[in-house]
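Sequence and predicted structure are below.
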Amino acid sequence: MVMLKIMLGIQKIKFGCHAIKTISILCLLLLVSCGDREPDASISSQPPQQESAMSQSSEQKAQTPIFITDYPRSYPLKLLKTGKFHGNEVQAKSGEQWLGLFSTAKGFELLPTKIAVHTVRDYVLDTDETKKTGKEIILDEKYSPVFLVKGSIPLKPGIVKTVFLGNAKFSPNSPPLSVALNHESRNTYQISVKERQNPETIYHALLVYSGKDSIFQEISSCCDDGSTALLWAGDLDRDGKLDLLIDISNHYHVSLLTLFLSSTNQNKLLEPVAQFKTTGC
């Protein structure tokens, strides 16, 4: 009887050892199978090197340099509008031939035209009624020009593609303005007002951005009183790139019309080629 109990005990011990071994093997298999699972969908599957490269690309885009517009002392073109002005603001003479951008039945055309400069009374400065120091620019044309140009840049008469004509004013709260020469989004310019800082002060600046060229260009400081405005956009020199006419004045009392043509400088989008400055009362 005693021998039977001993034998039964030995068998239980053997069975227990066998069970432990079986459980250990099963756990090991489970661990191996867990190691072969695909990453969870909510976890990035990008290798560490690729993630690093992507981060660097985003940082480079955020750090795109902003190129500053250089305004020369003299310009290759003269710019003019019809109307009455203070005498010292008009340097043109009667009989000169200019090129005027006209809105005609055919569309917008750059056409040769002769101007007439008349001496008129300047009601701001000429307190003496007998004096006439002001000047008036008039044309003997059926249509009034958007603007007049004359100078050394070889602009040719003919149809000029125009995509904007108006008075789009900019202020610190203005939304970005998109201007495109055609329907391809890559050729769109974003014109916006951004806060900028230099060693002396914080100011607002008018910026033009081209996604195609990945270029930011600061046109000018702006918008303290809402005088800065886009007046015209098109392709005046017919090179397939946008040209702009902007009043870059930063004072309600002054108008500073500036004509920008598409730049041949790979670091810039636009070059100022003409200015016409006038003042109010």
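Looks like it arrived, so ask away.

who does the longest strand along the chain pair up with?
Criterion DSSP state E: the longest strand present in the chain is strand 107-120. Its sheet considered, strand 107-120 pairs with strand 97-104 (antiparallel), strand 134-139 (antiparallel), strand 158-159 (antiparallel) by DSSP bridges.

shouldn't residue 159 be in contact with residue 111?
No: using Cβ atoms under 8 Å, residue 159 makes no contact with residue 111, being 10.2 Å away. (C-beta placed from N, C-alpha, C; glycine too.)

where exactly do the strands run in the stretch 101-250 of the chain?
107-120, 134-139, 145-151, 158-159, 162-169, 177-180, 188-197, 202-210, 215-221, 229-234, 243-247 (DSSP state E, counting those that start in this stretch).

highest average neighbour count across these?
Comparing these by mean neighbour count (mean count of other Cβ atoms under 10 Å), strand 243-247 ranks first with a mean of 23.

Residue 202 and residue 191: what is the separation?
Noted for residue 202: a distance of 21 Å to residue 191, by Cβ to Cβ, to the nearest Å.

again with residue 274
Residue 274 is 19 Å from residue 191, by Cβ to Cβ.

repeat for residue 68
Counting by Cβ to Cβ, the gap from residue 68 to residue 191 is 16 Å.

tally of neighbours for the spatially closest residue to residue 134 that is not a sequence neighbour?
What sits nearest to residue 134 in space, not counting adjacent residues and going by Cβ to Cβ, 6 or more residues apart in numbering, is residue 122, at 3.4 Å. Residues lying near residue 122 (other Cβ atoms under 10 Å) number 17.

Surely residue 76 is in contact with residue 152?
Yes: Residue 76 lies in contact with residue 152 (Cβ under 8 Å); the separation is 4.8 Å.

So for the two, which sits in the more crowded spot?
Using other Cβ under 10 Å as the criterion, residue 76 and residue 152 rank with residue 76 on top: 13 against 9.

so what's that one up against?
151, 152, 153, 273, 274 (Cβ atoms under 8 Å, 6 or more residues apart in numbering).

Mind doing that once more with 10 Å?
151, 152, 153, 261, 271, 272, 273, 274 (Cβ atoms under 10 Å, 6 or more residues apart in numbering).

Selecting buried members of those residues in ChimeraX, what would you type?
Remark: buried members of the contacts of residue 76, expressed as a ChimeraX selection using 16 or more other Cβ atoms under 10 Å:
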select :261,271,272,273,274
